[in-house]
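Q: make a model of this:
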Amino acid sequence: MTKAWKWIALSLIVLSGCNPQEEHMTTPHSAIDWSGLSGKQIVFAHQSVGTNILSGVEQLARRDGITLPIQEQRGAPTGFGITHFNVGRNEDPLGKISDFSAAMDAGAARGADIALMKLCYIDFNTGTDAPEVAKAYISSLDRLTQKYPDTHFIAVTAPLAAVQTGPKAWIKRLLGKQPAQYVENAKRAEFNQLVREHYKSGGRLFDLARVEADGGGSHTVVDVAGREIEALDPTLTDDGGHLNERGELLAATEFLNVVGATPAK
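A: Residues are numbered from 1 along each chain as shown. Down below sits the predicted model:
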């Protein structure tokens, strides 16, 4: 690089260390049809973003003066509310799918009206075979649906990550490199498209990725090799992947409305 380019790059790196606090958008206030949740037993297998969603559920229940029990256990639900557990290990999506299936077969499906299993954004990297993961996920949910006809298994799209922007992203492009989370979101998009196509009818889809990309406003997309790929709206996160309070409430609202609209056994 010439001296001029080196000076520009160095200046941008220094400037990129300045991260002025963005003004947070107003916390959403969306109506929940709580009557649709009455008496239902729900099983939710997840990792960290799932914890964000359940935090949002608790906040919404307090806001509206609703009692909705939430307890952590891998076994069969013992009463009305949400039973949840951490599924598998992060960065091993196929292992998570197997663990969820094993937990259902070990008794977690017994008595459940609804069951969901969410993968995490960290389960997808530049080397992930997204179609293989989608095939395994769909096959597992369909097998469980056949085996446990009294339980409604709802598919969940994979959550997204915010893409790298600003001077650091510009420098990476200058050096012929892809900024962070562009390719990773493309892998998530491959998985999500296959899941959407399979579950787009019948009310069997919680489209978490769509909620994260919309952010309650415009749809957040980036260009990856000429394709528009969904990305996490940066107003919904403080670390690029997990949800902040606004993100928690938006995701929890969609979660509750999808579950509430799903009939009990």
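Q: contacts only, for Phe100.
A: Ala45, Val87, Gly88, Met117, Ser140 (Cβ atoms under 8 Å, 6 or more residues apart in numbering). In this view, the C-beta of every residue, glycine as well, is placed from N, C-alpha and C.
Q: give me the buried positions along the host helix or strand of it.
A: Using DSSP states H and E, Phe100 sits within helix 93-103. Neighbour-count burial for helix 93-103, counted by 16 or more other Cβ atoms under 10 Å, picks out Pro93, Leu94, Lys96, Ile97, Asp99, Phe100, Ser101, Ala103.
Q: average pLDDT for that helix?
A: Averaging pLDDT along helix 93-103 gives 98.
Q: helix or strand right after that helix?
A: Next along from helix 93-103, by DSSP H and E: strand 114-117.
Q: could you dump that next one to PDB, C-alpha only?
A: Output of strand 114-117 as PDB, limited to C-alpha atoms (Å, rounded to 0.1, in the frame of the first residue of the first chain):
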ATOM      1  CA  ILE A 114     -46.600 -27.400  21.600                       C
ATOM      2  CA  ALA A 115     -42.900 -28.000  21.200                       C
ATOM      3  CA  LEU A 116     -40.300 -25.800  19.500                       C
ATOM      4  CA  MET A 117     -36.500 -26.100  19.000                       C
END
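Q: tell me which other helices or strands it touches.
A: Counting contacts by 3 or more Cβ pairs under 8 Å, 6 or more residues apart in numbering; DSSP states H and E, strand 114-117 packs against strand 41-46, helix 93-103, helix 130-147, strand 152-156.
Q: packing partners of the shortest one?
A: Contact here means 3+ Cβ pairs under 8 Å, 6+ apart; on that basis strand 152-156 packs against strand 114-117, helix 130-147, helix 182-199, strand 205-206.
Q: quick one: low-confidence ranges for the stretch 51-200 of the chain?
A: For the stretch 51-200 of the chain, the stretches flagged by pLDDT under 70 are 164-180.
Q: nearest to Leu37, of the helices and strands packed on strand 152-156?
A: strand 114-117 (9.8 Å; Cβ to Cβ).
Q: tell me which strands that closest one pairs with, and in which orientation.
A: Pairing partners of strand 114-117, with direction, according to DSSP bridges: strand 41-46 (parallel), strand 152-156 (parallel).
Q: re the thing from before, starting at the chain centroid, how far to the helix holding Phe100?
A: 17 Å (Cα atoms, centre = their mean, to the nearest Å).
Q: what's the angle between it and strand 41-46?
A: Helix 93-103 runs at 150 degrees relative to strand 41-46, counting by axes from the mean of the first three to the mean of the last three Cα atoms, to 10 degrees.
Q: helix 93-103 versus helix 130-147: what angle between them?
A: 10 degrees.
Q: which residues touch Asp33?
A: Per Cβ under 8 Å, 6+ apart, neighbours of Asp33: Leu256, Asn257, Gly260, Ala261.
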